[in-house]
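S.K.: Make a model of this:
(one chain, ligands or ions: 1)
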Amino acid sequence: MNQAVSAFGAEASPREFLMTQADFDRIVRIAHETTGIVLSDHKKEMVYSRLARRIRRCRMSSFAEYLAVIGKDPDETNEFVNALTTNLTSFFRENHHFEHMLATSLPELAKRNAGTRKLRVWSCAASTGEEPYSIAMMLKEFGFDRSWDVKLLATDLDSAVLDTARKGIYNEDRVRGMDPKWRDKYLTRGADGQWSANADIRSLVSFKRLNVLEKWPMKGQFDIVFCRNIVIYFDKDTQRVLFDRIANQMAKDAWLYIGHSETLHRVTERFEGHGQTVYRKIK
Ligand SMILES: C[S@@+](CC[C@H](N)C(=O)[O-])C[C@H]1O[C@@H](n2cnc3c(N)ncnc32)[C@H](O)[C@@H]1O
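M.R.: Residues are numbered from 1 along each chain as shown. From the prediction side, this is the model:
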């Protein structure tokens, strides 16, 4: 094992792989360019441990050797991106958004779209699927009848989390804390103790890989967008461009839900606030 000392400082313990400041700076640059994620110096430890796993798996001996393949080998570049994303999520995270859907946005959209009988929802950082499945539960719960065409697009940059999301199977600890009323209605517990999403909610969701910084293939406009706990990793300029593009992709008066530590203040004026992290498109 290479016992090289990393560039973390004199007090740092010996490291398995050498990561110099130049390596870290390069990682920061690539991560920003490809994902929008800003990695500050205090993320060094996190970056080290996440990428060390990949370096070990690739049977390489340094960050420099590993970084030489990033950008050249598409599979490993994908793994690099997957390793740097933070995928924390849960069913009904920030539950007030789901309550708002049932009480306000869905009843209003049901009236507004009564002519077209079409509803489009986008979860743009779907992670392992708990968020889009929670949305799908609310869509089902609201009870659009068969004459309605209701679709939920769930996207994420990270291909690994999307694989989990598509499977729709969760351990007991992933559903702990979820209201049993929703859990027992929309998930089924298998003999192995795992919970799987029922067909009625699965059928509403399409999972697709999409980097929100790149070109979007979607043609139509959305009535509801969940863009939660993703822009916290982006700088303000990236947030400005993203929310402008999101507004362009939303119908008039459409609803936007953002994460608890995110804000549109000094980012965009195209939305107006309707309570805690709930917005409506105004222009
Ligand atoms: C912390 S999770 C949030 C999940 C969910 N929205 C929630 O609030 O529970 C952030 C997600 O954003 C995704 N992400 C990061 N950068 C992205 C990008 N440029 N395009 C699309 N997704 C991205 C990550 O892969 C990760 O799954």
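S.K.: Around the ligand, pick out the residues from this structure.
M.R.: Contact residues, the chain versus the ligand (Cβ under 6 Å from any ligand atom): 35-37, 85-89, 93, 125, 127, 131, 156-158, 161, 211-213, 228-230, 259. C-beta here means a position set from N, CA and C on the backbone, and glycine is covered the same way.
S.K.: Give me the subset of these lying in strands.
M.R.: In strands, judged by DSSP state E, the following of the residues of the chain next to the ligand are found: residue 156.
S.K.: which among the residues of the chain next to the ligand end up buried?
M.R.: Using 16 or more other Cβ atoms under 10 Å as the burial test, the residues of the chain next to the ligand include 35-37, 85, 89, 93, 125, 127, 131, 156-158, 161, 212-213, 228-230, 259 as buried.
S.K.: is it fair to say residue 251 lies in a strand?
M.R.: Yes - counting by DSSP: H, G, I helix; E, B strand; the rest coil, residue 251 falls inside a strand.
S.K.: how many neighbours does it have?
M.R.: Counted with other Cβ atoms under 10 Å, the neighbours of residue 251 add up to 18.
S.K.: From residue 210, how far off is it?
M.R.: Separation of residue 251 from residue 210 (Cβ to Cβ, to the nearest Å) stands at 19 Å.
S.K.: part of a helix, is residue 97?
M.R.: Yes - if the criterion is three-state DSSP, then residue 97 is within a helix.
S.K.: isn't it right up against residue 278?
M.R.: Yes - here residue 97 lies in contact with residue 278, judged by Cβ atoms under 8 Å, at a distance of 6.9 Å.
S.K.: what residues are shared contacts of those two?
M.R.: Common neighbours of residue 97 and residue 278 are listed as residue 257 (criterion: Cβ atoms under 8 Å, 6 or more residues apart in numbering).
S.K.: Give me the more crowded residue out of the two.
M.R.: In this view residue 97 and residue 278 are compared by other Cβ under 10 Å, and residue 97 has more residues nearby, 26 against 18.
S.K.: where's the nearest residue to that one once chain neighbours are set aside relative to residue 274, distance?
M.R.: Closest residue in space to residue 97, ignoring its immediate chain neighbours: residue 257 at 4.6 Å, by Cβ to Cβ, 6 or more residues apart in numbering. With distances taken as Cβ to Cβ, residue 257 is found 10 Å from residue 274.
S.K.: Need phi/psi at the residue nearest to residue 189 when sequence neighbours are not counted.
M.R.: With Cβ to Cβ, 6+ apart as the criterion, residue 189 has its nearest non-adjacent residue at 5.4 Å, and that residue is residue 195. Backbone torsions for residue 195, taken as degrees, to the nearest 10, come to phi -110, psi 130.
S.K.: what residues are up against residue 195?
M.R.: Shown in contact with residue 195 (Cβ under 8 Å, 6+ apart): 169, 170, 171, 172, 174, 175, 183, 187, 188, 189.
S.K.: Just the ones of those residues in helices?
M.R.: Using DSSP state H, the members of the contacts of residue 195 that fall in helices are 172, 174, 175, 183.
S.K.: List just the nearest of the residues you listed to the ligand.
M.R.: Lowest distance from the ligand to those (Cβ to the nearest ligand atom) belongs to residue 174, with 12.0 Å.
S.K.: so who does the closest one touch?
M.R.: Residue 174 makes contacts with 90, 91, 130, 195, as judged by Cβ under 8 Å, 6+ apart.
S.K.: now do 10 Å
M.R.: Residues near residue 174 by Cβ atoms under 10 Å, 6 or more residues apart in numbering: 89, 90, 91, 128, 129, 130, 164, 187, 194, 195.
S.K.: Give me the phi and psi angles of the one residue sitting closest to the centre of the chain.
M.R.: Centroid-nearest residue in the chain: residue 125, 2.1 Å away (criterion: Cα atoms, centre = their mean). As for residue 125, its main-chain torsions (degrees, to the nearest 10) stand at phi -140, psi 70.
S.K.: can you pull the pLDDT of it?
M.R.: pLDDT for residue 125: 98.
S.K.: between the contacts of residue 174, which has the most around it?
M.R.: Busiest of these [other Cβ under 10 Å] is residue 129, holding 29 neighbours.
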